[in-house]
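Trainee: Pasting the sequence and the predicted model now:
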Amino acid sequence: MRTKMLLALTCVLLLVSTAAAGPGDTLWTRTYGGSYNEYGYSVQQTSDGGYVIAGGTGSFGAGWADVYLLKTDSSGDTLWTRTYGGSDSDNGRSVQQTSDGGYIVAGETYSFGAGESDVWLLKTDSSGDTLWTRTYGGSGYDGGHSVQQTSDGGYIITGYTGSFGAGYEDVYLLKADSSGDTLWTRTYGGSDYDRGYSVQQTSDGGYIIAGYTGSFGAGYEDVYLLKADSSADTLWTRTYGGSDWDGGYSVQQTSDGGYIIAAYTESFGAGSADVYLLKTDSSGDTLWTRTYGGSYWDEGNSVQQTFDGGYIITGYTGSFGAGSRDVYLLKTDSSGDTLWTRTYGGSDRDAAYSVQQTSDGGYIIAGYTDSFGAGQDDVYLIKAAGGGVMIDCENPSPWFCRGGRFLFKLTLLNNTGGNISGTLTFSGYSGYDCDPGNVLVSIPKAKSYPPGVTEELYFFKVPNAVGPGQYSASVGGTLGDVDLFCCMNTEIAQCGPWKTGGNSEWELVEVDRPDVALPTATELYQNYPNPFNATTQFSYSLAEAGNVKLTIHNLRGQLVETVVDTRQGAGEHQVIWDALDYSSGVYFYKLQAGDFISTKKMNLLK
C-alpha cells in the first residue's frame, strides 16, 4: 500500500510571507520603549528565526541612558529586554549573535572606563545575562560603532578615539580575544576629525572599515574606506566625495570580492543631502556610485547585498513619506539601479539605522519612531516583504533573471501517522525535460519526518554565465514507498506547473540562447559569506564538462556532507550549503573535477 502524503508545492520568485504582499510592503511593525527616548541602532536575525536589537534607552536602567538589548520572536513579540550601564549615559551601537548562541554588543560608555567616554564591549549569554564587559580608551572621548565576531572566536571593533592618534579624533580599530582582552589597537587618520562606523572581517582574514575623514579627500569631509591585513597594518585607503560633506556609515564585502558602502552626500545628488551608494572593486577603486533622494535631506545608514546580487539600503528621508522624516528603504539591482523604494512612518520623525535580509527573503529594519509608541522616541522594528511576487504555478507568468536567485518552496507534510525516512534531492538543470545536463544546484536531504511535521527545501541561484534558454528544476527522491518527482521548466525562467510522478505531459518552448563564453580554467572560489550563519554559497568554474564532486569536511578530515556528486557542463556554477544541522566551527570544502582538486577553509558561526 502506497503511503499517503500531502504534497503542497509553491514556487516563488522570491519568498514572501503572504501572497498579497508586494516587495517592501509592511508585514508588521513593533515599537519598544517607555515614556522617554529609545533608539534601535542595530538588528540581526537570530538562529531561532527571531531578532535581536541593540540601542539605547532613557526610560529604563540605571542612568541618564543605558544600553538597551531586546530579543524578540519571529513576529517581533518581546521575549526579553535587558539594560546595561551606570549612572551616566551609555549606548549600544552594534550587536551580533555569537557562535555560542549569546550576543556581543559594542557601544560607548560615560559611566565606566578611563576617560570622558570609552569604547564599551559587552558579552552576554543567550538570555542577555552579562558574562563580561570591557572598556577601551584613554583620557579623552572614545566610542565604538561596530563589532563583529572574527573567525578565531574573538572580536573586531571600530569607532573613534580622541585619546590616541594623530588628530582631534581618529578611526579606532581594536582586536580582542574571546574574553574581550585586547590583542592590539590601531588608529588611522590625520590632523582633523576621522571616524570609523562599520567594520567587517574580509575573506582574506583582514578587515574593511568605512567611515568619514576630515583629514583627507576632496571636501570638508569625505567617505573613508580602509583595508587592513589581519594585523591591522594598512594595505590601502580610499576617499570618495566632492567639495562638500560626505560620510560612510556601512560597508560589506560583496560576492565578487569588492565592497559596497552606504553613505550620505552633500556634494552630489538632488537635494540638501542624498543617500550615497558606492561600489568598489577589491582594491577600493570605484566601479560605480549612485545617489537617491529628493529635494531635502536623505541619508543611507545600512547596506547589505541581497540574495539576488543586488542591494538593500535603509536610512531616512526628508523628501518623501508621511512626516518630517521617514524610514527609507531602497532595493537596487547589482548595478545600483533602483528596483523599488518604500517609506515607513507617521506624521513626526522616524528613521532607520540597520537593515538585514531575512531567511524568508524579506527584510528586517531597526531604528526609532517619534510618530508611534509609548514615549518621545521609541525603538522601531519593521518587517517588510521580499522583492518578489507570488506565482500561480498553474498559470505562471513571472520570469527569472540571469544571475538572480529564484527560490522554490517545497513543503512536504507527513500524514501517515508514523515516521517516514528517506532522501530528497533538490536539483536544477540546463537542458530539457529535467535531462541531467549542467546541474545548477543539488541539495540532498536525508532525514526522518515525524507525523505532522513539514520540511521546506529551497532552490536558489541562476549562474551569471547562462543565457536565455530552456531550464528545468526538479525535486526527486523516495519517502517511504512514495516516489516523488516534480519538474519545472523555465525560459530563465517562466514558472511551469509542478508535476508529480514524472513529466511526460511537459510542453517545451524553444527560445534562442546566445553564445556563452566558457571559463578557460577550472577554479574553486572562496565561499560567501565567510564567516557565515546557517547558509553559504560555493562558486566554481569548470573549463570542461565532467564528473564533479564537492564535499564538506571537518577539522579531522572526516566527510561531513557531499554537496555535489554528478556530471556537470563547462561554465560557472554556484551551490548553496545549508549548515543548519551542524555546529559552529572550522570546515573545509573540497572540489574534485577530473584531475583538478582544490580545498578551501570556511567558518560556521551560530
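Mentor: Nice, thanks for sending it over.
Trainee: What mean pLDDT does stretch 188-198 get?
Mentor: Averaged over stretch 188-198, pLDDT sits at 97.
Trainee: Can you pull out the residues in contact with that stretch?
Mentor: The contact list for stretch 188-198 (Cβ atoms under 8 Å, 6 or more residues apart in numbering) reads 145-146, 158-160, 165-173, 209-216, 221, 224, 226, 234, 237, 247-251. Glycine gets a C-beta too; all of them are placed from N, C-alpha and C.
Trainee: tell me how far the ends of stretch 159-169 are from each other?
Mentor: 10 Å (Cα to Cα, to the nearest Å).
Trainee: ok, of the contacts of stretch 188-198, which come out buried?
Mentor: 145-146, 158-160, 165, 167-173, 209-216, 221, 224, 226, 237, 247-251 (16 or more other Cβ atoms under 10 Å).
Trainee: what's the spacing between residue 327 and residue 243?
Mentor: For residue 327, the distance to residue 243 (Cβ to Cβ, to the nearest Å) stands at 30 Å.
Trainee: These two: who's more crowded?
Mentor: Comparing residue 327 with residue 243 by neighbour count (other Cβ atoms under 10 Å), the higher total belongs to residue 327, at 28 against 12.
Trainee: residues in contact with that one?
Mentor: 314, 316-317, 321, 343-345, 350-352, 365, 367, 380, 382.
Trainee: Just give me the closest of those to residue 282.
Mentor: residue 314 (25.4 Å; Cβ to Cβ).
Trainee: On the pLDDT front, check the nearest residue to that closest one once chain neighbours are set aside for me.
Mentor: Spatial nearest neighbour of residue 314, chain neighbours left out: residue 355 (3.9 Å); criterion: Cβ to Cβ, 6 or more residues apart in numbering. On the pLDDT scale, residue 355 is placed at 98.
Trainee: Give me the neighbour count for residue 355.
Mentor: Neighbours of residue 355 using other Cβ under 10 Å come to 27.
Trainee: Kindly report the same for residue 115.
Mentor: So residue 115, with other Cβ under 10 Å, has 16 neighbours.
Trainee: you'd agree it is up against residue 163?
Mentor: Yes - with contact defined as Cβ atoms under 8 Å, residue 115 counts as touching residue 163 (5.8 Å).
Trainee: so what sits against both of these two?
Mentor: In contact with both residue 115 and residue 163: 137-142, using Cβ under 8 Å, 6+ apart.
Trainee: Just the buried residues out of those residues, in ChimeraX syntax.
Mentor: The buried residues among the shared contacts of residue 115 and residue 163 can be selected in ChimeraX (16+ other Cβ under 10 Å) with this line:
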select :137,140,141,142
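Trainee: Using JSON lines, please lay out the shared contacts of residue 115 and residue 163 together with distance to residue 292, pLDDT and secondary structure.
Mentor: Shown next, in JSON lines, are those (distance: Cβ to Cβ, whole Å; pLDDT from 0 to 100; DSSP: H, G, I helix; E, B strand; the rest coil):
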{"residue": "137", "distance to residue 292": "36", "pLDDT": "98", "secondary structure": "coil"}
{"residue": "138", "distance to residue 292": "39", "pLDDT": "97", "secondary structure": "coil"}
{"residue": "139", "distance to residue 292": "41", "pLDDT": "97", "secondary structure": "coil"}
{"residue": "140", "distance to residue 292": "36", "pLDDT": "97", "secondary structure": "coil"}
{"residue": "141", "distance to residue 292": "32", "pLDDT": "97", "secondary structure": "strand"}
{"residue": "142", "distance to residue 292": "33", "pLDDT": "98", "secondary structure": "strand"}
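Trainee: which one of the shared contacts of residue 115 and residue 163 sits closest to residue 202?
Mentor: Checking those one by one against residue 202 (Cβ to Cβ), the nearest turns out to be residue 142, at 24.5 Å.
Trainee: who's in contact with the nearest residue to that closest one once chain neighbours are set aside?
Mentor: For residue 142, ignoring the flanking residues on the chain, the nearest one in space by Cβ to Cβ, 6+ apart is residue 161 at 4.6 Å. For residue 161, the contact set (Cβ under 8 Å, 6+ apart) comprises 119, 137-138, 140-142, 169-172, 187.
Trainee: same thing but 7 Å
Mentor: Contacts for residue 161 (Cβ atoms under 7 Å, 6 or more residues apart in numbering) come out as 137, 142, 169-170, 172, 187.
Trainee: Also residue 262?
Mentor: 249-250, 277, 300-303, 313.
Trainee: hmm, 10 Å instead?
Mentor: With contacts defined as Cβ atoms under 10 Å, 6 or more residues apart in numbering, residue 262 is in contact with 197-198, 210, 223, 248-252, 275-278, 299-304, 311-315, 330, 355.
Trainee: Then residue 66?
Mentor: Contacts of residue 66 by Cβ under 10 Å, 6+ apart are 55-60, 82-86, 88-92, 109, 111.
Trainee: Go again with 6 Å.
Mentor: Counting by Cβ atoms under 6 Å, 6 or more residues apart in numbering, residue 66 makes contact with 57, 83, 85, 90.
Trainee: Check residue 153 too.
Mentor: Residue 153 touches residue 178, counting by Cβ under 6 Å, 6+ apart.
Trainee: Relative to residue 44, how far out is it?
Mentor: 18 Å.
Trainee: can you check residue 245 too?
Mentor: 30 Å.
Trainee: now stretch 113-125: how far from the chain's centre is it?
Mentor: 27 Å (Cα atoms, centre = their mean, to the nearest Å).
Trainee: Now do the buried residues in that stretch.
Mentor: 113, 115, 117-124.
Trainee: Flag whichever of those scores worst on pLDDT.
Mentor: Among the buried residues of stretch 113-125, residue 115 has the lowest pLDDT, at 90.
Trainee: okay but it is in contact with residue 135, surely?
Mentor: No - using Cβ atoms under 6 Å as the test, residue 115 is too far from residue 135 to be in contact (9.2 Å).
Trainee: which among the shared contacts of residue 115 and residue 163 gets closest to residue 293?
Mentor: The closest of the shared contacts of residue 115 and residue 163, once distances to residue 293 are taken by Cβ to Cβ, is residue 141, at 31.0 Å.
Trainee: which residues does the closest one contact?
Mentor: 116-117, 162 are the contacts of residue 141 under Cβ under 6 Å, 6+ apart.
Trainee: Give the bridge partners for it, please.
Mentor: Bridge pairing for residue 141 (DSSP bridges) gives the partners residue 117.
Trainee: Could you tell me how many residues sit around the nearest residue to residue 56 once chain neighbours are set aside?
Mentor: Distances taken as Cβ to Cβ, 6+ apart place residue 91 nearest to residue 56, at 4.1 Å, with adjacent residues excluded. Residue 91: 25 surrounding residues under other Cβ under 10 Å.
Trainee: Would you agree residue 91 is in contact with residue 107?
Mentor: Yes - look at residue 91 against residue 107 with Cβ under 6 Å: they come within range, at 4.7 Å.
Trainee: which SS class is residue 79?
Mentor: strand (DSSP: H, G, I helix; E, B strand; the rest coil).
Trainee: Could you find the closest non-adjacent residue to it?
Mentor: Per Cβ to Cβ, 6+ apart, closest to residue 79 is residue 71, 4.6 Å.
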